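Asker: any chance you could fold what I've pasted below:
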Amino acid sequence: MREDTSKFPAESFKDSVLSPIFYDFQEHFLEAMDAINTAHCIMLFEQGILTKDEAERLLAGLTELQEELDLSAVQYTGEFEDVFFYLEHALTERIGTDTAGKLHTGRSRNDMDITMYKMKLKQSLLDLHDHLHQLIETLIAKAEAEKDTIVVAYTHGQPAQPTTFGHYLAAWIEVLLRDQQRFLHAFDDADCCSMGAAAITTTGFPLDRHRMAELLGFSRPQLNSYGCIAAADYLLHVYSALKILMTNIGRFSQDLNFQSSYEVAQIYVPNSMVQISSIMPQKRNPVPIEHLRLMASKGIGYCDLVMTAVHNTPFTDMNDGEDPVQMAGLQGFDEAARILPLLNELMDGVQINTETARRRIAESYCSITELADSLVRLEGLSFRQAHQITQALAKRAAEAGVSSDDMEYRWFLEAFQESAGRKPSMDSEELQVRLSPEHFVAVRERWGGPGPDALRAQLEIYRERCQALHDSFLEHRKRQDEAAALRKTLTAQYRGSSGA
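Answerer: Numbers count the residues shown, from 1 in each chain. Here you go, the predicted model:
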């Protein structure tokens, strides 16, 4: 066999793999690595693994790197495999190899990488929460303002029953609150620190894994060291939750597209969200709705990429769950960061074409279910009898080409007498009341219904849930901030300084 005189890295390997990873790391993970380096140094000193002089020199060198080195301007040459080795070299140049080399005591790139990924994911989840919380608050306020606005509820693309726009929005709110809850659970999976696992099996050095978790803003260390570097379910949990949100938003967007169409025209999209045609002067194109649907589909694609990349990988440290896949997943969060503010402004501005909605209700006879129910309650009929009577009434009106507003009382009398064999006690005035969408909504006061009291109770529950979830995320954010402040304080203290 010929002597191998090639040098690392091969040009194709550098260009295809190492260089993109280097630049992605610069943009997304450098802050987390800086935090890990500082926290690890502090922990090593507190555990007596570093002397005071070593800790002082390391912390001074790390601070200089963080303040003076503009890593974003560094071009990848292949001289150093990745950012980790580049920074280790830069630190060595400042404080010497004898001291700089001690920073890596008891750790590996394995536990560092997973911890950095979790830190970035946690920040992404906190940022996503801010957007989603704002959207939910907007929808709650909108639902309150539109609690009496009558709209048509559709099933199978056809007018089904009257409800209120507030009740319709409440269904959205409930789904989005479940999305928030899923993100909170996913955050908990990512909120366990992998530091101290080293390559796989921890180390013989007396590291304090709980202290590292505290210094980095985690609620706890992950227990099993093998799982720290092998388990990728934290990724699956996060991106499953994100995929569900994107799916829900895609469905909402499709419904908005349907209800704002010319043929349905129940929802009016404000001019600020409408583009005009380049050739057809009459066109109002609410294209932001289409972009919402498109961005949600893209977000789903990124989530699927993460889960597909991980689904059949070995249970060990592997590149399939590392930088390239992490970056793809973060693009899903980028889509969410574009979608949620757009959806928030759109929903804040949409209005209901009330006249159109009422006309659709009358023309489709979709309030007639309540007439059937009323015949059961007031006339003592079975529901099947009442259903037959109202079905015959709707058929007769349709044949005559009139809406429910113009139904003739005699048609009702005929249908009732034919089925019940007697006259009804309901007069013509009562018939119109029972056919009105306002009455339809008003009597539906069952738990979760559109009736005024029922909807008021729903919105109050949603406000409480929204605030409770918000408080939980604020606690998580507070812990991250407190950890950053603690690292800064201890860095100053262990360097023998009161400030920098």
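Asker: Leu256 and Ile289 touch, don't they?
Answerer: Yes - using C-beta atoms under 8 Å, Leu256 is in contact with Ile289, at 5.0 Å. All C-beta spots, glycine's among them, are computed from the backbone N, C-alpha and C.
Asker: give me the common contacts of the two.
Answerer: Shared contacts of Leu256 and Ile289, defined by C-beta atoms under 8 Å, 6 or more residues apart in numbering, comprise Leu346.
Asker: looking at the two, which one has more neighbours?
Answerer: For Leu256 versus Ile289, neighbours defined as other C-beta atoms under 10 Å are more numerous around Ile289 (25 against 22).
Asker: mind checking which helix or strand the more buried one is in?
Answerer: helix 287-310 (DSSP states H and E).
Asker: same thing with Val238?
Answerer: Judged by DSSP H and E, Val238 forms part of helix 233-259.
Asker: just the CA atoms of stretch 14-23, as CSV, please.
Answerer: Only the C-alpha atoms of stretch 14-23 are listed here, as CSV (Å, rounded to 0.1, in the frame of the first residue of the first chain):
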residue,chain,number,x,y,z
LYS,A,14,-13.8,21.1,3.9
ASP,A,15,-16.1,22.7,1.4
SER,A,16,-19.1,20.4,1.8
VAL,A,17,-19.1,19.8,5.5
LEU,A,18,-16.6,21.6,7.7
SER,A,19,-16.9,25.1,6.2
PRO,A,20,-20.7,25.3,6.4
ILE,A,21,-20.7,24.0,9.9
PHE,A,22,-18.1,26.5,10.9
TYR,A,23,-20.1,29.4,9.6
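Asker: and it, how far out from the chain's middle?
Answerer: Its chain's average C-alpha position is 30 Å from that of stretch 14-23, according to C-alpha atoms, centre = their mean, to the nearest Å.
Asker: mind listing what's buried in that stretch?
Answerer: 14, 18-19, 21-22 (16 or more other C-beta atoms under 10 Å).
Asker: before we move on, the earlier item: which helices and strands does the helix holding Ile289 pack with?
Answerer: helix 233-259, helix 323-349 (3 or more C-beta pairs under 8 Å, 6 or more residues apart in numbering; DSSP states H and E).
Asker: following the chain onward from the first one, which element is next?
Answerer: Meaning helix 233-259. Following helix 233-259 toward the C-terminus (DSSP H and E): strand 267-268.
Asker: show me what that following strand is packed against.
Answerer: strand 351-352.
Asker: any idea where the strands of the protein begin and end?
Answerer: 150-155, 158-164, 192-193, 220-221, 267-268, 351-352 (DSSP state E).
Asker: quick revisit: out of the helices and strands packed on helix 287-310, flag the one nearest Lys488.
Answerer: Evaluated with C-beta to C-beta, those place helix 323-349 nearest to Lys488, the distance being 26.3 Å.
Asker: just the angle between that closest one and helix 287-310, please?
Answerer: Here the directions of helix 323-349 and helix 287-310 differ by 150 degrees (axes from the mean of the first three to the mean of the last three C-alpha atoms, to 10 degrees).
Asker: buried residues in helix 323-349?
Answerer: Applying 16+ other C-beta under 10 Å to helix 323-349 flags 323-333, 335-336, 338-340, 342-347 as buried.
Asker: okay, the strands of the chain in a markdown table with mean pLDDT, mean neighbour count and distance to Ala55 next?
Answerer: Shown next, in a markdown table, are the strands of the chain (pLDDT from 0 to 100; neighbours: other C-beta atoms under 10 Å; distance: least, C-beta to C-beta, whole Å):
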| stretch | mean pLDDT | mean neighbour count | distance to Ala55 |
| --- | --- | --- | --- |
| strand 150-155 | 96 | 20 | 66 |
| strand 158-164 | 96 | 19 | 65 |
| strand 192-193 | 98 | 24 | 21 |
| strand 220-221 | 98 | 18 | 22 |
| strand 267-268 | 94 | 20 | 63 |
| strand 351-352 | 96 | 15 | 63 |
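Asker: could the ones you listed go into a markdown table alongside distance to Ser428?
Answerer: Shown next, in a markdown table, are the strands of the chain (distance: least, C-beta to C-beta, whole Å):
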| stretch | distance to Ser428 |
| --- | --- |
| strand 150-155 | 22 |
| strand 158-164 | 21 |
| strand 192-193 | 69 |
| strand 220-221 | 71 |
| strand 267-268 | 34 |
| strand 351-352 | 30 |
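Asker: in a markdown table: the helices and strands packed on helix 287-310, plus mean pLDDT and distance to Ser374.
Answerer: Output for the helices and strands packed on helix 287-310, formatted as a markdown table (pLDDT from 0 to 100; distance: least, C-beta to C-beta, whole Å):
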| stretch | mean pLDDT | distance to Ser374 |
| --- | --- | --- |
| helix 233-259 | 97 | 28 |
| helix 323-349 | 96 | 35 |
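Asker: who does the longest helix along the chain touch, helix- and strand-wise?
Answerer: Criterion DSSP state H: the longest helix present in the chain is helix 452-494. On a contact count with 3+ C-beta pairs under 8 Å, 6+ apart, helix 452-494 meets helix 30-46, helix 52-68, helix 109-145, helix 165-190, helix 209-215.
Asker: now the ones you listed as JSON lines including mean pLDDT and mean neighbour count?
Answerer: Listed next are those as JSON lines, based on pLDDT from 0 to 100; neighbours: other C-beta atoms under 10 Å:
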{"stretch": "helix 30-46", "mean pLDDT": "97", "mean neighbour count": "22"}
{"stretch": "helix 52-68", "mean pLDDT": "95", "mean neighbour count": "18"}
{"stretch": "helix 109-145", "mean pLDDT": "98", "mean neighbour count": "21"}
{"stretch": "helix 165-190", "mean pLDDT": "98", "mean neighbour count": "20"}
{"stretch": "helix 209-215", "mean pLDDT": "98", "mean neighbour count": "21"}
